[in-house]
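1. Here you go, sequence then predicted model.
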Amino acid sequence: MAVKDKKMKKIAREKSGKAQSELIPEDEPVTTVLETKIGAVFLFILSCAIYFVTMFPGLPMGDSGEFMVTAIDFGVAHPPGYPLFTTMSYLAIKLVPFGTPAWRVSLLSVLFGALFNVTVYYVISLVGKNSVVGIMTAGWIGFSRLFWMWSIQGEIFSLNNFFCAYIMLRAYYFESCSKENILHEARMSALTCGLSLSNQHTSVLFIIPFALRVAYRVLVIEHKSIKDAFNIALYGIGGMAWYLQMPISHFLFTPRVTWGDFGSISTFLKHMLRLDYGSSFKLVAGDTEGTFVSNFVAFVKDSSAELSVLPWAFGLFLFYTITTNVSHNLFKTTVKMFLAMMGCYFAVFCSLANIENPVGLSRGVLERFWMQPSIGLVILGGIGLCKLLTFLSEKVHPLLKNKYIQLALAILVISVQIKSNYEENDESDNWYAYHYAQSILPHLPENSVMLTGGDLPTNVFRYHTICEQMRPDVRVLDMQFMAADWFRDVLAPTTFAGIEIPGVYRPYKTSQLKKGQYNLKGFLDANIDKHAIFVCNSVRKDELSDYEKYYMKIPYRTCKRFVKKSDVVNPAEKYSQLVETTPDTVLDEWPMPDIRKYEDRTWEHALKVAYLNSLSEKGTLMWQEAVAHKNSNNLSASNQRYLLEHGALLHAKGVQQIESAIAEGRLEEDDWQHVYTIMAKNMGHFCMILHTMVTEEGNETRRLELEECGRKYWQIYVDWAGILRDKSEIALVNELRKYLALKSFKNLRFNI
């Protein structure tokens, strides 16, 4: 009896609290319905205009190139396939009559970025009853660096942002609907969730608590039938029907690039569920792990830096209002649903995301997935600001709720946000991917094969050969594709017809290969006499094949060309290969990203590092060849001089660009310091070798110039060499200190 009495008292208290909450009136809207609609139109036009004038004119780097080369032929992208975005991109490429294919797809992101801003505006306007705060908050997040960046390039994240905000809007509509409309709202919510999952899997973390709430209200509170619940589920399944794009692509289309074989249910599910990565929430394949604490702390730091601490502060005030029973019941249930969505995201994603202590590009990968919880954070913060203004207008001064004063503040906040982030997000002149492709593709021999590794060269070169028909005869062969079991049956007979694929690629020594497998040596043996074969980016780190016994790589502009060692029998032939692949114009025809603008988490930064490394690598090889044959008759003195001077010129171009950034205080990342230190060492070598040569020639003016050059760059190397953490460098540093102590290098004979 005592237990029963306690339960009865608890139920009575809950009913009493609920009744009291329902008697609390909702806040009066600050603006009229017409003014709210006008605000939505204004925000949409402003967002479209700002995004449009700053969007990428050509290909953004990263995954964008892959999405476009798959979409142009209705292929399938990497797991889970992103069928909704692929289909929309396919239609945009086919139906928009102007612009590059990349520009047309980026136009989609502009549209959904603007719709995202409007959706955030409506959520705050409806829940917080203040459309002025809604427009201010939507402008704050929409024109923040991160959200702006992903709203101007052809990627899935702008569409995912829209769906996540729209799911929150549907949650409000569902909570506020009458009993008569509950099934309709439940069906529309299920359809929205299904469509969202057809684009990006992380939206499921907002969907799970929402789906549980819908099921509870439909079945428990409203006592609807199982048939009704099944009907609602069908709408969700209908939204996910876009995944049929994958088997349709397999059976009805012949895409030049596609990711997998979808001829069976097992391969379809493997791709859809991202089993190659381990789960939908593992960001990279492999056994690396992150922790809940490290990921959550990373989000708090990144969101505070990106959006300021104000959303957190306003969110805390909102939490206070719903825990002190001073809010309307509809308001409380809606806010609790939003909190449940964020809680689910943190609980699952932060536990499973397997990037820990991200730096460089991995930091850029992780921050994309902070946008979804940031949406929830900013919406809750915006609603909290609505409540705070109401509270202050009652306790401090009623003018604080004056809509014209709030509107002036909103315009000021949005203007400041746009001005603060405009320069960093203005990509209207970003043709770096095009210039990267232009630096090598037009210069390759006919029917060349490019072996690539990594997203940067693979997606850039593949996009330009397929989508923009820049050297369509060149085949870009991703070594990750070569290692896939499905590659030989799906792509080899069509896209790579004429290239012999001896089996399934494995990076093993020849003696370790099983029947039906081949390594890089086997591929070169089968194709080197039929095609000019190049490799862009480094060969896979786990490549253990013995190809280096028989083949060598000659730098060729920004890539390297495989040649048989037997074909390069003397230094003069190797010299001619180097000269042939290093025209003077290569120094000027490739405009590069400004390292003052692009941080190490960007692909532009990665491209710049690749560019400087290619200059350093080729220049170093020229220096090594010149030194190796300095006192022999294998290479003429004029050829040796050319190698030294041209190698120094390659290094000088990279060094000068880095030095301009040092002068402006923008050289902070370790990878720039590493590249600069190595290039400074090599510049010192070049100057001192040439110094020795001009000393023998009696050119005193040139000797003094080169001596000053050698001192300058050797001193930089000695000062910075500690960051290399390479014991093999210590002896060289100590030797160089001796030379630097000399008052004059006039009688120095360089022999290092």
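-> Perfect, I can see it now.
2. which residues touch stretch 431-450?
-> Stretch 431-450 is contacted from outside by 57-61, 65, 457, 460-461, 463-465, 470-471, 473-477, 498-499, 527, 531-536, 556-559, 586, 589-593, 604, 607, using CB atoms under 8 Å, 6 or more residues apart in numbering. For every residue, glycine as well, the C-beta is placed using N, CA and C.
3. What about the residues you listed, which are in strands?
-> Of the positions in the contacts of stretch 431-450, 475-477, 533-536, 556, 559 sit in strands, assigned by DSSP state E.
4. Switch those residues over to a markdown table; also include pLDDT and neighbour count.
-> Rendered in a markdown table, the data for the ones in strands among the contacts of stretch 431-450 read as follows (pLDDT from 0 to 100; neighbours: other CB atoms under 10 Å):
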| residue | pLDDT | neighbour count |
| --- | --- | --- |
| Arg475 | 97 | 21 |
| Val476 | 96 | 28 |
| Leu477 | 95 | 25 |
| Ile533 | 95 | 21 |
| Phe534 | 93 | 25 |
| Val535 | 91 | 21 |
| Cys536 | 88 | 24 |
| Tyr556 | 82 | 25 |
| Cys559 | 86 | 23 |
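5. Need the buried ones from the contacts of stretch 431-450 selected in ChimeraX.
-> In ChimeraX, a selection of the buried entries from those looks like this (16 or more other CB atoms under 10 Å):
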select :58,59,60,61,65,457,460,461,463,464,465,470,471,474,475,476,477,499,527,531,532,533,534,535,536,556,557,558,559,586,590,592,593,604,607
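6. Of the ones in strands among the contacts of stretch 431-450, which is the nearest to Trp486?
-> Leu477 (14.8 Å; CB to CB).
7. partner residues bridging that closest one?
-> Leu451 (DSSP bridges).
8. separation between it and His685?
-> Counting by CB to CB, to the nearest Å, the gap from Leu477 to His685 is 36 Å.
9. now Phe461
-> Distance from Phe461 to His685, by CB to CB: 33 Å.
10. same thing with Phe253?
-> In terms of CB to CB, Phe253 sits 55 Å off from His685.
11. Of the two, give the one with the bigger neighbour count.
-> The neighbour comparison of Phe253 against His685 (other CB atoms under 10 Å) goes to His685, with 27 against 14.
12. I figured the more buried one hits Gln624, correct?
-> No - His685 is not in contact with Gln624 according to CB atoms under 8 Å; the separation is 9.7 Å.
13. List the residues that contact Ala114.
-> Neighbours of Ala114 in contact, by CB under 8 Å, 6+ apart: 43-44, 47-48, 51, 151.
14. Identify the residue spatially nearest to Lys224, adjacent ones excluded.
-> Val218 (4.7 Å; CB to CB, 6 or more residues apart in numbering).
15. correct me, but the one you found touches Glu185?
-> No - with contact defined as CB under 8 Å, Val218 and Glu185 do not form a contacting pair (9.9 Å).
16. need the helices for the stretch 601-750 of the chain, in chain order.
-> Shown for the stretch 601-750 of the chain, the helices assigned by DSSP state H, counting those that start in this stretch span residues 603-628, 637-663, 670-697, 700-720, 728-741.
17. Among the ones you listed, which comes closest to His78?
-> Closest among those, using CB to CB: helix 603-628, at 16.4 Å.
18. what is the orientation angle of that closest one with helix 637-663?
-> 150 degrees (axes from the mean of the first three to the mean of the last three CA atoms, to 10 degrees).
19. Residue ranges in the stretch 501-650 of the chain under the pLDDT threshold?
-> 538-544, 569-592, 595-596, 630-632 (pLDDT under 70).
20. Phe143 reaches Thr54, doesn't it?
-> No - using CB under 8 Å, Phe143 makes no contact with Thr54, being 10.2 Å away.
21. which ones are touching Gly236?
-> 190-191, 193-194.
22. redo that, cut-off 10 Å
-> Listed by CB atoms under 10 Å, 6 or more residues apart in numbering, the contact partners of Gly236 are 186-187, 189-197, 207, 211, 214.
23. Identify the residue nearest it in space, chain neighbours excluded?
-> Gly236 sits nearest to Ala190 (CB to CB, 6+ apart), 3.8 Å away.
24. burial count for Ser176?
-> 15.
25. any idea how far Glu175 is from the closest residue to it other than its chain neighbours?
-> Computed as CB to CB, 6+ apart, the closest residue to Ser176 that is not its neighbour in sequence is Leu330, at 5.8 Å. In this view, Leu330 and Glu175 are 6 Å apart by CB to CB.
26. How about Arg368?
-> 30 Å.
27. Leu491 now?
-> 49 Å.
28. And Tyr216, by the same measure?
-> For Tyr216, the distance to Glu175 - CB to CB - is 12 Å.
29. who has more neighbours, the two?
-> Glu175 (20 against 11).
30. Next, the contact list for the more buried one, please.
-> 127, 185, 213, 217, 329-337 are the contacts of Glu175 under CB under 10 Å, 6+ apart.
31. of the residues you listed, buried ones?
-> Buried, going by 16+ other CB under 10 Å: 127, 185, 213, 217, 329, 331-335, 337, out of those.
32. Show me these that map onto helices.
-> Those of those mapping onto helices are 127, 185, 213, 329, 331-335, 337, per DSSP state H.
33. how about the residues you listed in CSV, adding pLDDT and distance to Phe292?
-> Converted to CSV, these look like this (pLDDT from 0 to 100; distance: CB to CB, whole Å):
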residue, pLDDT, distance to Phe292
Val127, 93, 29
Glu185, 96, 34
Arg213, 95, 24
Asn329, 81, 33
Phe331, 88, 30
Lys332, 89, 28
Thr333, 91, 28
Thr334, 93, 27
Val335, 93, 24
Met337, 95, 23
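34. Present these as a markdown table; the columns should include distance to Gly239.
-> Formatted as a markdown table, those follow (distance: CB to CB, whole Å):
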| residue | distance to Gly239 |
| --- | --- |
| Val127 | 24 |
| Glu185 | 15 |
| Arg213 | 18 |
| Asn329 | 30 |
| Phe331 | 28 |
| Lys332 | 29 |
| Thr333 | 24 |
| Thr334 | 23 |
| Val335 | 26 |
| Met337 | 20 |
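35. Please identify which of those residues is nearest to Phe319.
-> Val335 (8.4 Å).
36. got a list of what that closest one touches?
-> Val335 makes contacts with 127-128, 172, 175, 315, 318-319, 321-322, 327, 379-380, 383-384, 387, as judged by CB under 10 Å, 6+ apart.
37. The same query, at a cut-off of 6 Å, please.
-> If a contact means CB atoms under 6 Å, 6 or more residues apart in numbering, then Val335 has Ile322 as its contacts.
38. ditto for Gln512
-> Here Gln512 is in contact with no residue (CB under 6 Å, 6+ apart).
39. Next: His605.
-> Contacts of His605 by CB under 6 Å, 6+ apart are Tyr598.
40. Against Ser304, how distant is it?
-> 23 Å.
41. likewise Ile237?
-> Ile237 sits at a distance of 39 Å from Ser304 (criterion: CB to CB).
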